[in-house]
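Engineer: Provided below for reference: sequence and predicted model.
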Amino acid sequence: MLVGPDRRILLANTAARDLFQAPMQGLSVASFLRQPDSLSALDKGFAAAQAGSAAPHPAEARMFLASGGREATLRVQVAALAQPVGGAVLLVTLRDVSQQEDAEQQRRDFVANVSHELRSPLTALSGFIETLKGPARSDPEAQAQFLDIMEREAQRMSRLVGDLLSLSRVEALERVRPRDRVSLVEIVEATLAALRPKIAEHRVRIIIKDDGKLPAIPGDKDQLIQVFHNLIENAVKYGGAGERVEITFERLDSLPGMIGPVQRVTVRDFGDGIDAIHLPRLTERFYRVDGHRSRALGGTGLGLAIVKHIVSRHRGRFVIHSVRGEGSSFTVKLPTG
């Protein structure tokens with residue numbers, strides 16, 4: 001927008017009018033840039049214009065705006081134009097930096113979460129090493145017990161590092177769609193074979209529902225095995241109280257939001273279910289409904305985040321549905337072409 005020497009708006013483009021959802025021309029700029037930092041940037045701009053600076057470095061500020069049902073973070077830049085007859089004119093530029101701010105916050109949260117997840121087992125290992133060097137030096141029974149715990153904590157760190165590397169690889173390839181053809185039925189069968197000991201341990205019955213022979217689809221075999229390994233293992237571990245897990249394969253001619261035929265695979269358990277308040281956040285990194293139980297069962301808090309990114313790479317959709325007391329279903333929808 002252009003601001004005249006009387007601090008009234010001479011001209012505002014469509015983006016500015018849409019941002020503030022109001023006519024702006026002829027009104028005081030202070031009606032829109034109300035926050036002290038923004039007004040201070042305007043003062044600096046007028047001071048630079050009056051000093052005769054034709055192209056000074058723009059004054060900058062940040063402001064927060066509630067617009068269109070959301071809160072936006074704006075970077076305000078104020079530059080003095082060459083002073084025309086009649087007084088100084090300022091060019092005020094507003095840039096929405098909300099996405100950059102959100103990305104930076106997510107990065108900080110991610111680093112903090114990784115640090116916390118690694119610090120806990122490292123602290124435990126350090127404590128047991130100190131004990132083994134001291135009070136337990138001559139106690140074989142205590143040594144065996146502590147070494148078992150240390151092994152579990154080391155395995156926990158190894159799983160976490162493995163999932164972090166996996167997530168990094170998935171994100172790096174997210175814009176590259178797979179070209180190989182794979183069978184989802186064969187992928188799930190291979191996953192069930194790998195999980196057979198865990199399924200037996202939890203005494204869960206697997207029920208397969210298949211509506212006929214499904215054609216191969218574009219996919220990355222290793223990544224899709226990872227998807228169904230996460231989903232089936234979670235169903236067995238967290239929904240095992242229901243004593244059965246259903247895996248349903250379907251081929252659909254179309255689905256809203258997707259182009260062409262779709263294959264849909266749903267992994268359903270009949271356990272305790274998940275409160276609705278948690279569902280929107282389940283695919284966030286390190287988000288856990290029950291953190292203590294998740295860690296006790298070997299979870300890293302990254303599994304569903306990895307699933308979401310892999311499904312996105314395949315141009316698919318990932319949907320979670322759960323009812324408290326009835327169980328949960330995790331559905332992967334993938335295009336066939």
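Structural biologist: Received, thanks.
Engineer: now do the domain split for this structure, please.
Structural biologist: Following automatic domain parsing, one gets these domains for the chain: 2-96, 99-172, 177-337.
Engineer: tabulate the ones you listed (a markdown table), appending mean neighbour count.
Structural biologist: Where C-beta positions appear, they are placed from N, C-alpha and C, glycine not excepted. Converted to a markdown table, these look like this (neighbours: other CB atoms under 10 Å):
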| stretch | mean neighbour count |
| --- | --- |
| domain 2-96 | 15 |
| domain 99-172 | 13 |
| domain 177-337 | 17 |
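Engineer: got those as TSV, with mean pLDDT columns?
Structural biologist: Output for those, formatted as TSV (pLDDT from 0 to 100):
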stretch	mean pLDDT
domain 2-96	81
domain 99-172	85
domain 177-337	89
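Engineer: how about residue 234, nearest residue that isn't a chain neighbour?
Structural biologist: Excluding its sequence neighbours, the residue lying closest to residue 234 (CB to CB, 6 or more residues apart in numbering) is residue 303, at 6.7 Å.
Engineer: if I read this right, that neighbour contacts residue 227, doesn't it?
Structural biologist: No. Residue 303 is not in contact with residue 227 according to CB atoms under 8 Å; the separation is 9.5 Å.
Engineer: which residues does the residue nearest to residue 234 contact?
Structural biologist: Going by CB atoms under 8 Å, 6 or more residues apart in numbering, residue 303 touches 163, 230, 234.
Engineer: for it, phi and psi?
Structural biologist: phi -60, psi -50 (degrees, to the nearest 10).
Engineer: and it, how close does it get to residue 285?
Structural biologist: Distance of residue 303 to residue 285, computed by CB to CB, to the nearest Å: 10 Å.
Engineer: cool, residue 219 as well?
Structural biologist: To residue 285, residue 219 is 24 Å away according to CB to CB.
Engineer: can you check residue 221 too?
Structural biologist: For residue 221 relative to residue 285 (CB to CB), the value is 25 Å.
Engineer: where exactly do the helices run in the protein?
Structural biologist: Using DSSP state H, the helices of the chain run over 14-20, 36-50, 98-133, 140-172, 184-194, 196-202, 221-238, 291-296, 303-313.
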